[in-house]
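[1] what would the 3D arrangement of this be:
(one chain, ligands or ions: 2)
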Amino acid sequence: MTTAASKQRAQVNPGTAGADARGTIFREVSPEQQAVEQQLVDHVVASFEACEDPRLKELMVALVKHLHSFIREVRLTEEEWGTAIDFLTKAGHITDDVRQEFILLSDTLGASMQTINVNNAAYADATEATVFGPFFVEDSPAIDNGGDMAFEAPGEPCWVEGTVTDTDGNRLAGARIEVWEADETGLYDVQYDAGKRAARAHLFTEADGSYRFWGLTPTPYPIPNDGPVGRMLDAVGRSPLRASHLHFMVSHEGARTLVTHIFPEGDPIGWKDTVFGVKQSLIKRFEPQAAGTPTPDGRVIDGTWSRVRFDIVLAPAGV
Ligand code: BEZ
Ligand code: FE
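    Residues are numbered from 1 along each chain as shown. Ligands and ions are numbered 1, 2, ... in the order given. As a prediction, the model looks like this:
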């Protein structure tokens with residue numbers, strides 16, 4: 001198909017190259033054409049001049065500059081622009097209270113992970129953060145230490161234990177730990193039924209900062225891939241699978257709230273995680289336990305189980 005943009009490319013003088021104000025090189029674009037394009041960027045940027053909120057102004061100006069830079073760098077065709085609008089329209093149509101296609105898009109482009117990196121700079125030996133994901137719910141059931149967060153969700157039992165400390169090594173009593181995970185079929189409770197609660201819970205650390213609970217040995221699962229993000233992953237030859245993981249959100253007064261996961265060592269997906277959430281420090285050994293091995297809480301349960309230790313260090317609030 002011959003679009004205005006492709007005609008325009010044919011008309012320009014091959015071999016000339018220039019750069020916009022951000023230093024992006026545009027090849028095969030005549031100086032006259034570059035001037036037209038740059039004039040539009042300057043015009044749009046100037047339209048924010050009267051904005052009274054300096055942060056909003058900074059965001060809008062940078063967004064426009066990067067967006068125009070992208071359009072100019074790839075010489076975006078009108079047909080491609082239409083495809084992008086159609087993609088975003090479909091993402092809007094499939095999004096509702098429980099399905100958030102724009103978060104999936106952000107996650108699969110690494111934008112969620114990059115925002116987390118920017119906002120959770122390394123601090124001393126504080127535990128690293130990773131993606132939040134769309135499956136957290138506010139009203140998880142409470143369990144006691146040693147309780148079972150699976151609530152009969154299918155999967156291999158996993159004993160999880162550790163401590164919560166600050167970066168000076170002080171044990172933090174009463175830290176709130178939210179945990180949630182997919183069951184062995186790859187689904188979260190809310191994917192079965194918005195009101196169902198299983199494989200999620202919250203508990204609090206003891207006076208010595210320790211915690212322990214039963215969960216499920218994590219297994220890989222696909223992100224929801226029956227919408228436009230799934231079609232994008234297909235088109236570019238990427239898998240929708242997430243590395244196996246167990247989600248944590250840990251909070252304590254005076255500490256930076258930590259949103260993270262732990263990932264089993266030797267996971268088949270591992271670094272190929274489709275949302276780029278894996279960090280070396282979050283890979284833990286989930287030790288397999290043979291059937292009949294007595295459990296840490298003094299029981300013998302049917303079948304195999306696993307155990308993992310996750311000692312959590314919280315950075316101070318405001319760093
Ligand atoms: C999750 O871990 O639950 C998740 C994260 C990003 C996209 C989809 C799911
Ligand atoms: Fe998850």
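
[2] wait, what's in contact with the closest residue to ligand 1 within the stretch 201-319 of the chain?
    In the stretch 201-319 of the chain, no residue comes nearer to ligand 1 than residue 223, which is 3.9 Å away by Cβ to the nearest ligand atom. From N, CA and C alone the C-beta is placed, and that goes for glycine too. Neighbouring residues of residue 223 by Cβ atoms under 8 Å, 6 or more residues apart in numbering: 104, 107, 108, 229, 240, 241, 242, 274, 275.

[3] among those, which are in helices?
    Residues of the contacts of residue 223 located in helices (DSSP state H): 104, 107, 108, 229.

[4] residues in contact with the second one?
    Which is residue 107. Counting by Cβ under 8 Å, 6+ apart, residue 107 makes contact with 113, 131, 133, 223, 274, 275, 276.

[5] swap in residue 167?
    When contacts are counted by Cβ under 8 Å, 6+ apart, residue 167 touches 123, 124, 125, 126, 313, 314, 315, 316.

[6] which SS state does the closest residue to it other than its chain neighbours fall under?
    Once flanking residues are discounted, residue 167 sits nearest to residue 124: 4.0 Å by Cβ to Cβ, 6 or more residues apart in numbering. Following DSSP: H, G, I helix; E, B strand; the rest coil, we place residue 124 in the coil state.

[7] how many residues are close by residue 124?
    Neighbourhood size, residue 124 [other Cβ atoms under 10 Å]: 11.

[8] and the residue in the stretch 1-150 of the chain positioned nearest to ligand 1, what element?
    Per Cβ to the nearest ligand atom, residue 133 is where the stretch 1-150 of the chain lies closest to ligand 1, at 2.7 Å. Using DSSP states H and E, residue 133 is not contained in any helix or strand.

[9] highest neighbour count among the contacts of residue 107?
    Per-residue neighbour counts (other Cβ under 10 Å) across those peak at residue 131, which has 24 neighbours.

[10] now the contacts of residue 107 as JSON lines including pLDDT and distance to residue 191?
    Formatted as JSON lines, the contacts of residue 107 follow (pLDDT from 0 to 100; distance: Cβ to Cβ, whole Å):
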{"residue": "113", "pLDDT": "95", "distance to residue 191": "22"}
{"residue": "131", "pLDDT": "94", "distance to residue 191": "17"}
{"residue": "133", "pLDDT": "91", "distance to residue 191": "12"}
{"residue": "223", "pLDDT": "93", "distance to residue 191": "11"}
{"residue": "274", "pLDDT": "97", "distance to residue 191": "17"}
{"residue": "275", "pLDDT": "97", "distance to residue 191": "17"}
{"residue": "276", "pLDDT": "97", "distance to residue 191": "22"}
